[in-house]
Structure formats: structure tokens, C-alpha cells
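Student: I would like the atomic coordinates for the input below:
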Amino acid sequence: MKHPSPLALFTSLGLLLGCAGVKSSATQTTGNGGSGAGTGTGGGSGAATGAGGGGGSSSSSCNGPCDDFGGGPFGPDGTSGSVPSGAAQIFSGSGSGSGGPCLYEPQDGTLFPSNWLRPRFSWTGTGDLYELRVKAGNQQDDLVVYTDQTTWTMPGAMWRGLGVDSADMPLTVTIRSSSGGGAPSMGSQSTFTIAPASATGNLVYWSPTGSTNGGMTVTGQTTLNGFAVGDETVQQVLTCGSSSCDISPPASSWQTFNAGLTLRSVSCIGCHTSTPDGNYIAFNDFYPWGGVLASGQAATLAMPPGPDIGLGAGGYKALIQPWLGIMTFSENHWSTGDHIVVAPLGTTTNDADQQPGLAWIDLESAAALPSGQNPFNTLKGTAWNWIYPPSSGQYAAAPSWSRAPGDDFVVYTMTSNVKSGRMGTGTAHLYKVPYSKAGPQTPTAIPGDGSDSKFAQYYGTLSADDNFVVFDRISASAAASEHPDLNSTDTGCTPSPCTWSGMYMQPQAELYVIPASGGAATRLAANDPPTCAPGLTEPQTMNNTWAKWSPQVGVANGKTYYWLIFSSWRQGAKESNGDPIAQLFMTVIVQPEAGPIQTYPAVYLWNQPPNVSNFTPAWDVFKIGSVG
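Tutor: Got it, this is the predicted structure:
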């Protein structure tokens, strides 16, 4: 079909706990449409024909030359009426062959879901007037933009039409500049591609105020913000101040135990994930990290679970006990009579060395906990028990639970040091253990690069179909050594100056993916920033981390699309106290029918506030506010 012209259509507490993502089952839909090729690392290029998607991408496209770029040229606001005077004449000549601006957004080679946030184009400033061109093989016209700005965002109607008509083919972008009406200078050229598959789910991430890393004191609010795929704005989901949360009414409707086993109101939002039905957000309270379940939906905002999960007295007390770690869920164990949480559970009262094993918690347990008794001892065997009991130097952290029927297992990090529910300074490798309530199970290291002793591998998360694990990797020496505390407000340490644990806020962290069965790991192309964007830091200081998969995979034209969200310091911005400001990025791993996986550069999420640290994202079936 031919589309009309677009004119016609026209977030402190230092994060002391990591966040675990929970995935939904994969779906497959197919259709028909354009043809083209996609390129990426690890797999070269792959040609594909037809169109389809996971999560509702359209299967109709125009039959002849398409006119999604028609109605231009366009000015700064996306309309033809705002084109700067004389721009077309200035750029009518060929001009200089070099010296123009460098395009850094979208990054060269990126791949977008067909229903993603409309693309923003950004480039370095080398003049006072710019010409942006985008070319697609099946479009009858180039997109032409004249602007005096260094950024331009594609109109929504144009983007939606392009996603239908020109999916799976390279879109070539060029940028030129002129100064004072002089001859144009040619800048960089890049390509990006729209996948014939869409993405699903909602994204919820940590966005605190005040200090964003390190420290043990809440100086501002801990906040979860979120948005649905394609949204151009973010919304506040849940928030906590220095003394109480909006886990109300009333504030005491959800409590956790303090270290002395006295009930207290929830005062902080730590690591977070979604229950399999999306009805609740699970997160950890402030030290000593008891668990919380709260609704993110507008009508029941912040309320704890009701009869829908059959929450029992024993299950409640087991969940809110001290020294709980990152929680994970599986839709295989989220139904009447079987509402289970899996999480690490510390066995000491020393927060710097919690020595946790991996436990299951039966939320429906009605076991009694007499006043003054310890839930760790009294409820063991009824409301909770070990999947993996800890052994010396082999402790559990950051689990991710499978959902494939008939293959019930948990991937987690086996580490020598757990501090405040996260990895500290020491060793870390990826392990896999069968899930069972019948008794402790025997874990095994994920073979190959998942347990290579030359590195630390941690924060592993299973893809929606359980086929892959994405994880952080640093050298073993970096993991075993503390590194400088970047927060100038952290003082009074002994010895001085203050330092951070080897695997906490680690600047050298990079993202890798490995088959869940083990083998060779692939470094993600998304680790590398554009070469010319202002403020970008060197790769070794970027802290690419907390990668979480989308809740469904997309399948189209014989390829499977695994969308990912992660956080990074690559933008180079810092808080006044020296803390790097983390920002969110999206990327994808593509599995062809045959051959190795392909990985792609990262796409910046321009809907997030750039001056606030946004990190530890979770991408899942969250039901939040108006986008649930």
C-alpha cells in the first residue's frame, strides 16, 4: 500500500542490589513484505525476504515505489513549512568531499524493532546549517531535512509507514553542513535497518535522586520509572523517600524485618523484577534487604498482593526476612497452589560477607512464625528451603529462572563474596542448578566461557526461550581488586580513600552472550560507542551492565530476534559528586536459521531524562500505570 505524506498524517540510595529480569514465553508470527540484508558482528551479513514479527508487527507493505519520505524537504520540526530560507539552494552543489559533521545517532549498523521509539538523528556541530538525507531502496524519494539544529527526530507517521514498507533493508544516512551560506561539506555516512519483527513488554528501571552509586544512606528518593515499547515519555511507577514509600495506604500495609527481626515500614526500592503475570513488582527493601511485592497499576498502585496469589502468613514472613538477594520468578510456578520465589538467602548477619545459598520461598505457605522467632530457622522446610545450600567460598547471587516446560532450572552466579546482596570482590562464574523443592540439588558450572577462570562472569540472565544467557564479564584480576570510589561524598573510609568492590559499578564491565548449554561466548557489538559523539568515554570506563531480555522473542524470515536493554556510562555525564550518570540503551541479538549469531550496535533511548542516572532496567510484562 502507498502511504500518504507525513504532512497529511502528521531517579538516593547507591544500588547495593542488582536487578533480575523475568521472561515470558516466545511467540512466532509471520507475514510478507520487502527484502534486504542485515549485518552484524559474529555472523557477517544475512539476507532475508518477507516480514513478520514477535508482538504484532504489520505484514502489509506497498507494492511499488513507496512515498513514506514524500512531502519534503522537511525543516527542524518535521514539517515543510519550517525549512530554513535558501537551504535547498545552498546544498544544491556538491561542495567539499570532507570536513562535515559526524553522525553518531543512530549508530552505524543499528537494528530497530519495527515498533520502537521513532529514531532521532544526532551529529557533531561543524556549521550553522545542515542537510540530512535518508535513502531506502524501495522509496521513490530520499528523506531530505534542512535544519540549523544538530538533532532531528523522524515524525511518527513517517516512522510507522517506514517500518511497514522498508523493513529488513538498509537505510543509508548522510549528513552535510554549511557555514555562513558557503559550499557544503560532506560528513559521515551510516546505515541502520528496521527489523521485520516488533518488540513487546514494558520497561521499568531505577532512577534515583541524590547519590546514584555507593553509600549506605538514602539522601533522596529511590524511584522506579517505566514506559511501554514505543512510548516517547516515561512515567513514575513507584517511589520511596528517606523514611517511607508509597507502599500504601497505609504505609504499614507492607513491612520487612530489620536486622533485629523487628517489623518496620518499607523505606527503599532496591533491585526489581516482575511477577510472571505482570501484576506485581518484586523488589528489595533497604538494609537488610527483605523482599516486597507491590502493584504498579494505577487502580491498585503500591498495594500488596491480595487473594490472587494466596499469600500465606509463612510465605509472607519468609519473603520479608533479612539478607534476601535478587528475586526471580517462572511462569511454570505462578499459579494456584504454586506461587514460588527463588532468591539467594544469606546465612550470616555480616552484610559484607553474607555467604548466601539459593532458596525457594513458597508464598502460599501458611506456616506460623511465633513472635520473636527467627524466620530463617523456624520457617525452614515449610515456607522456604534450599535449592543450593552454600559451601565455603561458593555462594549464590543474581539468579535467573527458566520457563521451558520439562526443563526447570536456575542460572545464577557462583561467587566467593556477596556484599549487600550483590557480588563483592573475588571470583564469579555462571552456574546452573535444577529447580526442586524436594531437596538440595547439585549445581554445575556453565562450561566454556561461562566459567573461564581468567575472567569473572556474573549477572547472567536467561533469554525468553531459555536458549541464551547474557552476562557481565571483566578480568579475574579486576574482580579480585577494589577500584576507586567515584563518589566524592563517600568519606571517612578506613583505609582511606574510599573504594568500591571489584564487581560493583565496575568501569571495565562488558556484555557477552553464551548458549545456556555453554560453549564460546560472543562479545556484543553494543559494547562499543560511536566514535565521534561528544562526551563519550573510552570503552574501559563505560560500565556496560545489567542487560535484560525482552519478554518475547521475535521470529521473522527464518531469523529469531532477541531484544535487550542495558545501562552504560558511555554518555560521559556526571553528577556533581563525581558519580557517572548511567543511561539506557537497546540492542539485539539475531539467530539465523544457520550460522553464528549476529550482534548489533546500541540504540540510545532518547525518551529518558539525560541528566538523571537511569539504570538496572528490567524488560518484562509489567502492568504499570496507563500502559499496563
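Student: just the helices in this structure please.
Tutor: Ranges of helices in the chain, per DSSP state H, are 6-9, 87-90, 156-165, 313-319, 375-378, 476-479.
Student: hey, least reliable of those by pLDDT?
Tutor: Among these, helix 6-9 has the lowest mean pLDDT, at a mean of 33.
Student: Select, out of the helices of the chain, the one closest to residue 98.
Tutor: Closest to residue 98 of these is helix 87-90 (CB to CB; 17.8 Å). Where C-beta positions appear, they are placed from N, C-alpha and C, glycine not excepted.
Student: care to break this protein down by domain?
Tutor: Per the record, the chain has its domains at 58-194, 202-501, by automatic domain parsing.
Student: Columns distance to residue 563 on top of those, output as TSV?
Tutor: Converted to TSV, those look like this (distance: least, CB to CB, whole Å):
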stretch	distance to residue 563
domain 58-194	6
domain 202-501	9
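Student: looking at these, which one has the lowest mean pLDDT?
Tutor: Note on the domains of the chain: lowest mean pLDDT is at domain 202-501, with a mean of 91.
Student: Including mean neighbour count and distance to residue 612, could the helices of the chain go into TSV?
Tutor: What follows is those, written out as TSV (neighbours: other CB atoms under 10 Å; distance: least, CB to CB, whole Å):
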stretch	mean neighbour count	distance to residue 612
helix 6-9	17	32
helix 87-90	16	35
helix 156-165	23	25
helix 313-319	24	30
helix 375-378	16	36
helix 476-479	19	28
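Student: Ok, which of the ones you listed comes nearest residue 598?
Tutor: Going by CB to CB, the one of those nearest residue 598 is helix 156-165, 19.9 Å.
Student: For residue 533, which non-adjacent residue is spatially closest?
Tutor: Nearest residue to residue 533 in three dimensions, chain neighbours excluded: residue 104, at 3.8 Å (CB to CB, 6 or more residues apart in numbering).
Student: hang on, the earlier thing: for the helices of the chain, give me CSV that also has distance to residue 128.
Tutor: CSV is the format used below for these (distance: least, CB to CB, whole Å):
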stretch, distance to residue 128
helix 6-9, 26
helix 87-90, 11
helix 156-165, 26
helix 313-319, 60
helix 375-378, 67
helix 476-479, 45
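Student: Between those, which one is closest to residue 412.
Tutor: helix 476-479 (16.3 Å).
Student: so what does that closest one touch, helix or strand wise?
Tutor: Counting contacts by 3 or more CB pairs under 8 Å, 6 or more residues apart in numbering; DSSP states H and E, helix 476-479 packs against strand 455-462.
Student: all strands of the stretch 201-350 of the chain, in order?
Tutor: With DSSP state E, counting those that start in this stretch as the criterion, the stretch 201-350 of the chain has strands at 202-206, 222-228, 235-240, 255-257, 263-265, 272-274, 281-284, 291-294, 296-297, 334-335, 338-345.
Student: residue contacts, the spatially most central residue of the chain?
Tutor: Centroid-nearest residue in the chain, with CA atoms, centre = their mean: residue 565, separated by 2.9 Å. Residue 565 makes contacts with 203, 547-548, 550, 584-586, 617, 619, as judged by CB atoms under 8 Å, 6 or more residues apart in numbering.
Student: Kindly provide the distance from it to residue 505.
Tutor: Residue 565 sits at a distance of 18 Å from residue 505 (criterion: CB to CB, to the nearest Å).
Student: number of nearby residues for residue 308?
Tutor: Neighbour count for residue 308, taken as other CB atoms under 10 Å: 11.
Student: Would you check that it makes contact with residue 279?
Tutor: Yes - here residue 308 reaches residue 279: they are 6.9 Å apart, a contact under CB atoms under 8 Å.
Student: Buried residues in stretch 401-417, which are they?
Tutor: Within stretch 401-417, the residues that count as buried by 16 or more other CB atoms under 10 Å are 401-404, 409-417.
Student: a markdown table please, covering those residues and showing distance to residue 133.
Tutor: Shown next, in a markdown table, are the buried residues of stretch 401-417 (distance: CB to CB, whole Å):
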| residue | distance to residue 133 |
| --- | --- |
| 401 | 48 |
| 402 | 47 |
| 403 | 45 |
| 404 | 46 |
| 409 | 50 |
| 410 | 50 |
| 411 | 45 |
| 412 | 49 |
| 413 | 47 |
| 414 | 52 |
| 415 | 51 |
| 416 | 55 |
| 417 | 53 |
